[in-house]
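# sequence-free structure coming up:
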């Protein structure tokens, strides 16, 4: 089954509860956390995740685009995240593994994220721990960027490894997903699709979520 995870980065933050309710037919709610250090932008943090948790029972898919996430993963779990993903580029291999262990110890699903220039092999030390691998199909840090189709070989390779080593692991894509590119990523092995502006700018949001399922 293809799952859709609307990104609240494209929502109206002055009416966040309203906009969360607009996407309630989706599977996950994608929450982008940026620190202005790992990526050149600042978005939201722990207080907003805590507030979101109070107004929805949707699965919160929290994507940490922050430096040395091992420092904060436990607190994001406690704030209400159901899935927490960390970038392999954000810390040492040892600390990334430690972050995943902390998330799992909190009873949550953990995952790793790859920026476009990071090779697929970077997930291998962590794959058997992961409940999710996220492939960025844009450079992280800003919404509304153009989809990078040259990430598809990476996606296919990761799908092959996941099927062989950890079939329960989900393969997520984030960046430039719309009614056209959704078919491309699904064909190449993705089963969770993050979509921001293509969902929130749609005239009929439930219909757009259904369309993105392919």
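Great, that's in hand. Model, not experiment: these values are computed from the prediction.
# How is the residue nearest the centre of the chain classified with respect to secondary structure?
Central residue of the chain (C-alpha atoms, centre = their mean): residue 63, 5.0 Å from the mean position. Reduced to three states with DSSP: H, G, I helix; E, B strand; the rest coil, the structure at residue 63 is strand.
# Okay, and the beta partners of it?
Beta-bridge pairing for residue 63 (DSSP bridges): residue 32, residue 85.
# Of all the residues in the strand or helix carrying residue 184, which ones are buried?
Using DSSP states H and E, the element containing residue 184 is helix 181-187. Neighbour counts using 16 or more other C-beta atoms under 10 Å place 181, 182, 184, 185, 186 of helix 181-187 among the buried residues. Bear in mind the C-beta positions are built from the backbone N, C-alpha and C, glycine included.
# And stretch 145-165, by the same measure?
147, 148, 151, 152, 154, 155, 157, 158, 159, 161, 162.
# Would you confirm that the last one contacts residue 169?
Looking back up the chat, that one is residue 162. Yes. Contact criterion C-beta atoms under 8 Å: residue 162 and residue 169 qualify, at 4.9 Å.
# what residues do those two have in common as contacts?
127, 133 (C-beta atoms under 8 Å, 6 or more residues apart in numbering).
# Inside helices: which ones of the buried residues of stretch 145-165?
Within these, residues falling in helices by DSSP state H are 152, 154, 155, 157, 158, 159, 161, 162.
# Contacts only, for the third one.
If I follow you right, that is residue 155. Neighbours of residue 155 in contact, by C-beta under 8 Å, 6+ apart: 135, 171, 173, 185, 188, 189, 190.
# Could you do the fifth one as well?
Counting by C-beta under 8 Å, 6+ apart, residue 158 touches 120, 123, 133, 135, 171, 189.
# Likewise for the second one?
Under the criterion of C-beta under 8 Å, 6+ apart, the contact list for residue 154 reads 114, 119, 120, 135.
# same thing but at 10 Å, please
Residue 154 is in contact with 114, 116, 118-121, 123, 135-137, 148, 188-189, counting by C-beta atoms under 10 Å, 6 or more residues apart in numbering.
# So residue 138 sits against residue 197, correct?
No. Applying C-beta atoms under 10 Å, one finds residue 138 not in contact with residue 197, separated by 11.5 Å.
# So which of these two has more stuff around it?
residue 138 (20 against 17; other C-beta atoms under 10 Å).
# now the strands for the chain?
3-6, 28-34, 59-65, 83-87, 109-114, 132-136, 170-174, 192-195 (DSSP state E).
# re the thing from before, could you dump the buried residues of stretch 145-165 into JSON lines and include pLDDT and distance to residue 108?
Below are those laid out as JSON lines (pLDDT from 0 to 100; distance: C-beta to C-beta, whole Å):
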{"residue": "147", "pLDDT": "93", "distance to residue 108": "29"}
{"residue": "148", "pLDDT": "95", "distance to residue 108": "29"}
{"residue": "151", "pLDDT": "97", "distance to residue 108": "26"}
{"residue": "152", "pLDDT": "98", "distance to residue 108": "29"}
{"residue": "154", "pLDDT": "98", "distance to residue 108": "26"}
{"residue": "155", "pLDDT": "98", "distance to residue 108": "24"}
{"residue": "157", "pLDDT": "98", "distance to residue 108": "27"}
{"residue": "158", "pLDDT": "98", "distance to residue 108": "21"}
{"residue": "159", "pLDDT": "98", "distance to residue 108": "23"}
{"residue": "161", "pLDDT": "98", "distance to residue 108": "23"}
{"residue": "162", "pLDDT": "98", "distance to residue 108": "19"}
